[in-house]
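1. Structure here, sequence nowhere to be found:
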């Protein structure tokens, strides 16, 4: 009996030593999360996103973003994936072909005026894919600072590409996957995300804004002189002026969203946008935002006990001032981890996802 008690005591001591002292990759920072008001007012629940039509994307998963263009009179959709492949889908026949393999993890997509598909690749940086599928690297560093987590982008009328580097500490490739990299950045809340600009004419990359908690979606403003930027870790959207008389000024157009915002894409109606909330907010993270020690302790717990994304399908339609125009929701979260929406003008809204094996589609009214 004494031996059993001794073994139990030693085991308990080792467990406690691990939980309190084992090194972890995060060094959490105290911040004050805004009170989560939940799904009320403009965010009142509905089922407008339930029952999506699911389209085949081939043997890949994670169609994180969708872009489109017309080729010889036919509309094609282009989807990124966690598998490195960019799929090209005929919007009428649903025939699926492969445009390119980036060799990384392509996330945000946008076509430039020469029909090159510009890609924010979480592992490789900012890429350009020619219509024939040839992949070229545009930039993977700013000076001596490597781009560790290129996430999303948009292109202004002057051809400059604005894109997010979600974390300068927790690279997606070093973390082993994009989701783990995002969890590390958000759990620590070190605000190491930034927005960069790449000018194809000069081939220079410059810093636009830093100190962001997981900088994510990027979309051009309606004036062509500003960009809208998602800050996932603080549940908000910024508008940053990048040219004109208000250059370098910024404002927060939406704060305290009821979930973690991900992608933002220009909508059909000029000057409006689709924003995806990939997950419900975490009560644990909000309640312990001012308690970095508890968040550090939590990182030592087994994976099944750590905070994780909670599925709740949610697309918000907003204008550039942050006014809520409408929402599409699926409280059941049947289409897992919806990241955003794209409307190419064919009467449908295409819903992207971080981990799904299909592309969602809903007919617009």
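-> On my side now, so go ahead. Here the structure is a predicted model, which is why all the values come from computation and not from measurement.
2. In the sheet, which residues pair with residue 136? Tell me.
-> Taking DSSP bridges, one obtains residue 128 as the residues bridged to residue 136.
3. That one and residue 118, how far apart?
-> Distance of residue 136 to residue 118, given as Cβ to Cβ, to the nearest Å: 10 Å. Backbone N, C-alpha and C define where each C-beta goes, glycine included.
4. which residues are in contact with both of the two?
-> Shared contacts of residue 136 and residue 118 (Cβ atoms under 8 Å, 6 or more residues apart in numbering): 127, 128, 129.
5. Contacts only, for the first one.
-> The neighbours of residue 127, taking Cβ under 8 Å, 6+ apart as the test, are 102, 106, 118, 119, 120, 121, 135, 136, 137, 138.
6. Which residues are in contact with the fifth one?
-> It stands for residue 120. 106, 107, 108, 109, 126, 127, 150, 151, 152, 153, 163, 164.
7. which of those count as buried?
-> Buried by 16 or more other Cβ atoms under 10 Å: 106, 107, 108, 109, 126, 127, 150, 151, 152, 153, 163, 164, out of the contacts of residue 120.
8. if I look at residue 118, how far off is residue 195?
-> On the measure of Cβ to Cβ, residue 118 and residue 195 end up 15 Å apart.
9. isn't there a strand covering residue 265?
-> Yes. Under DSSP: H, G, I helix; E, B strand; the rest coil, residue 265 sits within a strand.
10. Could you measure from the closest residue to it other than its chain neighbours over to residue 157?
-> Among residues not flanking residue 265 along the chain, residue 274 sits closest, at 5.0 Å (Cβ to Cβ, 6 or more residues apart in numbering). Per Cβ to Cβ, residue 274 is found 21 Å from residue 157.
11. So for these two, which sits in the more crowded spot?
-> A direct count of neighbours by other Cβ atoms under 10 Å for residue 274 and residue 157 places residue 274 higher, at 26 against 11.
12. That one: which element?
-> strand 272-280 (DSSP states H and E).
13. Check the offset of that strand from the chain's centre.
-> 10 Å (Cα atoms, centre = their mean, to the nearest Å).
14. shift numbering so it begins at 38
-> OK, 38 is where the count begins now, so the last one is strand 309-317.
15. That one - contacts with which helices or strands?
-> When contacts are defined as 3 or more Cβ pairs under 8 Å, 6 or more residues apart in numbering; DSSP states H and E, strand 309-317 packs onto strand 252-257, strand 296-303, strand 350-356, strand 375-379, strand 385-390.
16. where exactly do the helices run in the chain?
-> 39-58, 209-212, 215-225, 320-324, 329-336 (DSSP state H).
17. Let me see the contact set for the residue most central in space within the chain.
-> Computing the C-alpha centroid of the chain and ranking residues by Cα atoms, centre = their mean puts residue 299 first, at 3.9 Å. Residue 299 makes contact with 253, 254, 267, 269, 312, 313, 314, 315, 376, 377, 391 under the criterion Cβ under 8 Å, 6+ apart.
18. one step back: turn the contacts of residue 164 into a markdown table, columns for pLDDT and distance to residue 206.
-> Below are the contacts of residue 164 laid out as a markdown table (pLDDT from 0 to 100; distance: Cβ to Cβ, whole Å):
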| residue | pLDDT | distance to residue 206 |
| --- | --- | --- |
| 139 | 99 | 23 |
| 143 | 99 | 22 |
| 155 | 99 | 25 |
| 156 | 99 | 23 |
| 157 | 99 | 18 |
| 158 | 99 | 19 |
| 172 | 99 | 27 |
| 173 | 99 | 27 |
| 174 | 99 | 22 |
| 175 | 99 | 23 |
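19. which of those count as buried?
-> Buried members of the contacts of residue 164, counted by 16+ other Cβ under 10 Å: 139, 143, 155, 156, 157, 158, 172, 175.
20. Below-threshold pLDDT in the chain: ranges please.
-> Applying pLDDT under 70 to the chain flags the ranges 38-59.
21. Great, nothing more from me.
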